[in-house]
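Asker: Here is a sequence with its predicted model. Questions after.
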Amino acid sequence: MRILYGLSVAVLVTLGGVGAAGANLPLQVGAYQAENRSARVATLNDRLCVQFFSLGTIVTASIDRRPNSLGVYHIERMDQVLVQPDVRSLLIGPPHELVVYTRVENVPPGTNVLLQECLTSRREYLNQTNAVGSLEPDALGQTDFYSDSLLGN
């Protein structure tokens with residue numbers, strides 16, 4: 001999978017083919033994957049949250065629902081953004097180091113404990129959990145989408 005380094009979001013949107021129609025594409029709820037990374041965008045009522053897994057860490061955070069004029073959504077309490085250039089791709093990361101995630105089809109809907117906590121919170125939400133070694137098997141709930149099959153193991 002391609003990792004985009006050194007490009008600002010403005011340059012990415014201009015050069016990456018995200019035109020006026022795609023620049024304001026709303027975030028698409030669902031599961032996404034980029035090599036050994038996975039992510040899920042979820043919504044409940046008027047609340048948007050993202051959860052992503054990489055390098056043994058699960059990050060769950062709320063998303064500012066108001067994208068800027070380039071269609072960039074900010075992950076609250078983090079220096080990271082999300083951009084939805086089309087319905088099958090999602091870019092996540094710091095503005096200068098976005099990673100391309102591809103939508104994963106046929107993933108059962110559902111949320112784990114941390115994602116549900118984010119969705120029901122009324123404040124900016126950020127939780128970073130070390131998923132290696134110390135995490136109980138059920139800590140993320142039965143609907144945890146970070147399975148071996150999704151990660152390709």
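Answerer: It's in.

Asker: Which parts of the chain are strands?
Answerer: Along the chain, counting by DSSP state E, strands occupy 3-5, 30-34, 37-44, 47-54, 57-62, 72-75, 80-86, 89-93, 97-104, 126-130.

Asker: Partner strands of the third one, with direction?
Answerer: So that's strand 37-44. strand 30-34 (antiparallel), strand 47-54 (antiparallel) (DSSP bridges).

Asker: contact partners of it?
Answerer: Residues outside strand 37-44 that contact it (C-beta atoms under 8 Å, 6 or more residues apart in numbering): 27-33, 48-54, 63, 82, 90, 92, 99, 101, 104, 111, 115, 119-120, 145-146, 150-151. The C-beta positions use only the backbone N, C-alpha and C, and glycine is treated the same way.

Asker: returning to what we had before: now tabulate the strands of the chain in TSV and tack on mean neighbour count and mean pLDDT.
Answerer: As requested, the strands of the chain are exported to TSV (neighbours: other C-beta atoms under 10 Å; pLDDT from 0 to 100):
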stretch	mean neighbour count	mean pLDDT
strand 3-5	13	43
strand 30-34	21	96
strand 37-44	20	95
strand 47-54	22	93
strand 57-62	21	96
strand 72-75	22	96
strand 80-86	21	96
strand 89-93	23	96
strand 97-104	18	96
strand 126-130	13	94
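
Asker: before we move on, back to that, put together TSV for the strands paired with strand 37-44, with distance to residue 128 on each row.
Answerer: Compiled in TSV, the strands paired with strand 37-44 are given as follows (distance: least, C-beta to C-beta, whole Å):
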stretch	distance to residue 128
strand 30-34	19
strand 47-54	10
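
Asker: and residue 68, which of the ones you listed is closest to it?
Answerer: Residue 68 sits nearest to strand 47-54 of all these, at 14.8 Å, using C-beta to C-beta.

Asker: what angle separates the closest one from strand 97-104?
Answerer: Counting by axes from the mean of the first three to the mean of the last three C-alpha atoms, to 10 degrees, strand 47-54 lies at 100 degrees to strand 97-104.
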